[in-house]
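K.L.:
quick one, fold the following:
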Amino acid sequence: MMKIDLPLELDKEYRLIAEEFTKIEIDSEKYKYGFIPENKEFNKRIIKFIVGVLDYILSNYDKLDLMTYQDFLGYYELSFIYMYENEEENYLYMDSLKLGDEFLAEFCWELRDLEIPASKKQLEEIKSKYFQVLESLD
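P.N.:
Predicted coordinates:
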């Protein structure tokens, strides 16, 4: 589990999502072919958490070590990898979690490779993608 300094509510949600996914991952063994079925409410919860982190970054843009938060967001999708018969799967790679050809898990990938902090505009554009997927889940 990656660790960054988040406000209490976001930190609590981060931990609860991790706990919930651990339960889902353990239950995955009972599913045919090992693919975890979609849970739209859990998906919404993940998206809302990520948007909350983006909002926190945007609100504190000049006060934070932005590169740390960018790395967190860029690699957060790895928190949802599970194994099935020696194959890695990622819970966030579901067709319902796509925007065009881009999966939700890929929205923050560009933040990984930046050598300078992302601009507020870049962060807002990423946030917009999450909102579009969130709306499609309703």
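K.L.:
every contact and neighbour count from this point should use C-alpha atoms.
P.N.:
Fine.
K.L.:
can you list the strands that the lowest-mean-pLDDT helix or strand in the chain pairs with?
P.N.:
The helix or strand of the chain with the lowest confidence, counting by mean pLDDT, DSSP states H and E, is strand 81-84 at a mean of 79. Using DSSP bridges, the strands paired with strand 81-84 are strand 87-90 (antiparallel).
K.L.:
outside of stretch 111-124, which residues touch it?
P.N.:
Applying CA atoms under 8 Å, 6 or more residues apart in numbering, the set of residues contacting stretch 111-124 from outside is 54, 58, 61, 66, 67, 70, 71, 73, 74, 75.
K.L.:
if we go to 6 Å?
P.N.:
Contact with stretch 111-124 is made by 66, 67, 70, 71, 74, as judged by CA atoms under 6 Å, 6 or more residues apart in numbering.
K.L.:
low-confidence stretches in the chain?
P.N.:
In the predicted model of the chain, residues 1-2, 28-35 satisfy pLDDT under 70.
K.L.:
strands along that one, start to end?
P.N.:
Along the chain, the segments classed as strands by DSSP state E run 81-84, 87-90, 98-99, 102-103.
K.L.:
will you turn those into a markdown table that also has distance to residue 39 and mean neighbour count?
P.N.:
As requested, those are exported to a markdown table (distance: least, CA to CA, whole Å; neighbours: other CA atoms under 10 Å):
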| stretch | distance to residue 39 | mean neighbour count |
| --- | --- | --- |
| strand 81-84 | 16 | 16 |
| strand 87-90 | 14 | 12 |
| strand 98-99 | 15 | 18 |
| strand 102-103 | 16 | 14 |
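K.L.:
out of those strands, which comes closest to residue 15?
P.N.:
strand 81-84 (16.1 Å; CA to CA).
K.L.:
centre of the chain versus the closest one, how much separation?
P.N.:
16 Å (CA atoms, centre = their mean, to the nearest Å).
K.L.:
dump the strands of the chain to TSV, plus distance to residue 129.
P.N.:
Shown next, in TSV, are the strands of the chain (distance: least, CA to CA, whole Å):
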stretch	distance to residue 129
strand 81-84	21
strand 87-90	19
strand 98-99	7
strand 102-103	10
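K.L.:
among those, which is nearest residue 138?
P.N.:
So among the strands of the chain, strand 98-99 is nearest, using CA to CA, at 14.1 Å.
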